[in-house]
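Asker: Requesting a structural model of the entry that follows:
(chains A, B, C and D)
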Number of protein chains: 2
Amino acid sequence: MNSQTKENYLKSIYFLSKKNKEISLTELSDLMNVSKPTANNMIKKLTLIGWVSYEKYKPILLTDKGEKEASLIVRKHRLSEIFLSKIMGFGWEEVHDIAEDMEHLKSEKLFDRMNELLGFPKVDPHGSPIPNKSGEIYEESYINFSKIEHGNNVRLCALENSSKELLVYLNNKNIRLGTELFIKHIEPFDNSVVVNYDGYKSVTLSYEVIKNFLVEKI
Amino acid sequence: MNSQTKENYLKSIYFLSKKNKEISLTELSDLMNVSKPTANNMIKKLTLIGWVSYEKYKPILLTDKGEKEASLIVRKHRLSEIFLSKIMGFGWEEVHDIAEDMEHLKSEKLFDRMNELLGFPKVDPHGSPIPNKSGEIYEESYINFSKIEHGNNVRLCALENSSKELLVYLNNKNIRLGTELFIKHIEPFDNSVVVNYDGYKSVTLSYEVIKNFLVEKI
DNA sequence: TATATAAGTTAGACTAATCTAACAAATAGA
DNA sequence: TCTATTTGTTAGATTAGTCTAACTTATATA
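Answerer: Residues are numbered from 1 along each chain as shown, chains lettered A, B, ... in the order given. Reported below is the predicted structural model:
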């Protein structure tokens, strides 16, 4: 299996390639805090795995396979951070270090469950997107509910920034990802909306709530 | 630092010593699924760390230091299991494997927070006790609230078996570990009790609730 | 464009964790 | 109590990840 060590190298390469596309051994060895021969040695192994392509004296290039693999680690990291912050009540400044460790946890189910409990967040609280299980970062063109006009009906697809309180609130209202909302009225004064959905009629949702809804028209 | 590998050996030794006190190399190598020379080699290293004491051809003995260290790993494992089950909604059969991985997470704060969110459980759902942060397994003589008679006042010290629902309930009632409960009345019909605590007067707690309370008299 | 400096490579060594093959010690049963 | 079997040890090898020292290639600028 792929060791934590290799995963950490891959992640470093991934972040370096976001800025530069081409990465030098020195940049990598600096970021990883290892000697250049160590980084060189590791790059040869990562080439064998197929995560990077490398030729002597040339820059390091991340392959598609490597990029996908790295995205999955980033996904685990970001889900962990949000989970630690929203569900476990850690301060945002505390979560990074713990997530560095958690991102290497092997259980896929664990992260799927976190994702679910968090309401499938599209982005972490800093606005960084969460890659999906295939390692793809969808730049879905969901629309913020607050931009929708009367007469449209929408499906809730994602939450912009889902606090624990919001999730509990939506749970109580029986609104979940996929719920179809039929807009009866938009109140201009406070931007609240009145909707029908499932068995519920004329439910008022405040702007505080709906500004977090990423929806698509149906 | 102590590697996950060493921690796993230590845990195996810990569980073997619960049954036998003296452990043979063969038992260990069998449990760890490694060859005898590998186990032998590792035992020498664990002796150096001070977790076990060992002399050629003699049985393996766990030291106090080793026992403490092992308890801390068990603590992390059991807290993880309860957390996965109670807070994350995993089936009890799914949690073990994930906890095997989580028990090696380094953050102390993470497990302290789990402990807190779970209401400081004394035992896991199978009745196995949770070692404390010092690695001690206290066999505290807390009394189950249902055994307390009228006229006594008590402090809530632990929960026997704390479901998520119970924790949410107690949270709403503002009852937490350490809360002092003054018994006004015990209803013989349904074993419910009426208590005063903090700012609250004459609050009725059902038997369903108080049967989970481990308390001490004050 | 020649060369000083930066970047990258090779060689050789070390620790951790593992193996197999061969041998030695302990023990259990005839 | 003698020996066959089980148990444990030694020796030597391998892979992963790391290092330093010495060397080579690339590059930047004088």
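Asker: near DNA strand D, which residues of chain A?
Answerer: A:3, A:5-6, A:33-35, A:37-38, A:41-42, A:45, A:57 (Cβ under 7 Å from any atom of the strand). Every residue, glycine included, has its C-beta placed from N, CA and C.
Asker: mind listing which of the residues you listed are in helices?
Answerer: A:5-6, A:37-38, A:41-42, A:45 (DSSP state H).
Asker: Dump the residues you listed to CSV, plus pLDDT.
Answerer: Below are those laid out as CSV (pLDDT from 0 to 100):
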residue, pLDDT
A:5, 97
A:6, 97
A:37, 96
A:38, 97
A:41, 96
A:42, 97
A:45, 96
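Asker: May I ask which of those residues has the most neighbours?
Answerer: residue A:42 (22 neighbours; other Cβ atoms under 10 Å in any protein chain shown).
Asker: Dump the ones in helices among the residues of chain A next to DNA strand D to a markdown table, plus distance to residue B:94.
Answerer: Putting these into a markdown table (distance: Cβ to Cβ, whole Å) gives the following:
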| residue | distance to residue B:94 |
| --- | --- |
| A:5 | 28 |
| A:6 | 27 |
| A:37 | 43 |
| A:38 | 38 |
| A:41 | 39 |
| A:42 | 34 |
| A:45 | 33 |
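Asker: Looking at those, which two lie furthest apart in space?
Answerer: Using Cβ to Cβ, those span at most 16.8 Å, a distance reached by A:6 and A:37.
Asker: CA atoms of stretch A:3-21 as PDB?
Answerer: Extracted in PDB, the C-alpha atoms of stretch A:3-21 (Å, rounded to 0.1, in the frame of the first residue of the first chain):
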ATOM      1  CA  SER A   3       2.500   4.900   2.800                       C
ATOM      2  CA  GLN A   4       1.700   8.100   4.700                       C
ATOM      3  CA  THR A   5       5.100   9.300   3.700                       C
ATOM      4  CA  LYS A   6       4.400   8.900   0.000                       C
ATOM      5  CA  GLU A   7       1.000  10.500   0.400                       C
ATOM      6  CA  ASN A   8       2.700  13.500   2.100                       C
ATOM      7  CA  TYR A   9       5.100  13.900  -0.800                       C
ATOM      8  CA  LEU A  10       2.200  13.700  -3.300                       C
ATOM      9  CA  LYS A  11       0.300  16.300  -1.400                       C
ATOM     10  CA  SER A  12       3.300  18.700  -1.500                       C
ATOM     11  CA  ILE A  13       3.700  18.100  -5.200                       C
ATOM     12  CA  TYR A  14       0.000  18.800  -5.700                       C
ATOM     13  CA  PHE A  15       0.100  22.100  -3.900                       C
ATOM     14  CA  LEU A  16       3.400  23.200  -5.600                       C
ATOM     15  CA  SER A  17       1.900  22.300  -9.000                       C
ATOM     16  CA  LYS A  18      -1.100  24.500  -8.300                       C
ATOM     17  CA  LYS A  19       1.200  27.500  -8.500                       C
ATOM     18  CA  ASN A  20       3.800  26.400 -10.900                       C
ATOM     19  CA  LYS A  21       2.800  23.400 -13.000                       C
END
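Asker: Give me the residues contacting that stretch.
Answerer: A:23, A:27-28, A:31-32, A:39, A:42, A:45-46, A:49, A:51-52, A:60-62, A:66-67, A:69-71, A:73-74, A:77, A:103-104 (Cβ atoms under 8 Å, 6 or more residues apart in numbering or on different chains).
Asker: Just the residues you listed: which are in helices?
Answerer: If you go by DSSP H, the contacts of stretch A:3-21 have A:27-28, A:31-32, A:39, A:42, A:45-46, A:49, A:66-67, A:69-71, A:73-74, A:77 in helices.
Asker: Mark which of these are buried, thanks.
Answerer: A:27-28, A:31-32, A:39, A:42, A:46, A:66-67, A:69-71, A:73-74, A:77 (16 or more other Cβ atoms under 10 Å in any protein chain shown).
Asker: Apart from its chain neighbours, what residue comes closest to the residue nearest the centre of chain A?
Answerer: By Cα atoms, centre = their mean, chain A has its centre lying nearest to residue A:130, at 1.4 Å. With Cβ to Cβ, 6 or more residues apart in numbering or on different chains as the criterion, residue A:130 has its nearest non-adjacent residue at 5.0 Å, and that residue is residue A:78.
Asker: can you check residue A:148 too?
Answerer: Closest to residue A:148 by Cβ to Cβ, 6+ apart is residue A:154, at 5.9 Å.
Asker: What's opposite residue A:213 in the beta bridge?
Answerer: Beta-bridge partners for residue A:213, by DSSP bridges, are residue A:159.
Asker: Report the contact partners of it.
Answerer: Residue A:213 touches A:144-145, A:154, A:156, A:159-160, counting by Cβ under 8 Å, 6+ apart.
Asker: hmm, back to that, just say helix, strand or coil for the residue nearest to residue A:148.
Answerer: Following DSSP: H, G, I helix; E, B strand; the rest coil, we place residue A:154 in the strand state.
Asker: correct me, but it touches residue A:178?
Answerer: No - in this structure, residue A:154 is not within contact of residue A:178 by Cβ atoms under 8 Å, at 11.3 Å.
Asker: Confidence-wise, which helix or strand of chain A is lowest on average?
Answerer: Least confident helix or strand of chain A, by mean pLDDT, DSSP states H and E, is helix A:164-173 with a mean of 73.
Asker: What score does the nearest residue to residue A:117 once chain neighbours are set aside have for pLDDT?
Answerer: Excluding its sequence neighbours, the residue lying closest to residue A:117 (Cβ to Cβ, 6+ apart) is residue A:87, at 6.1 Å. Looking at residue A:87, its pLDDT reads 91.
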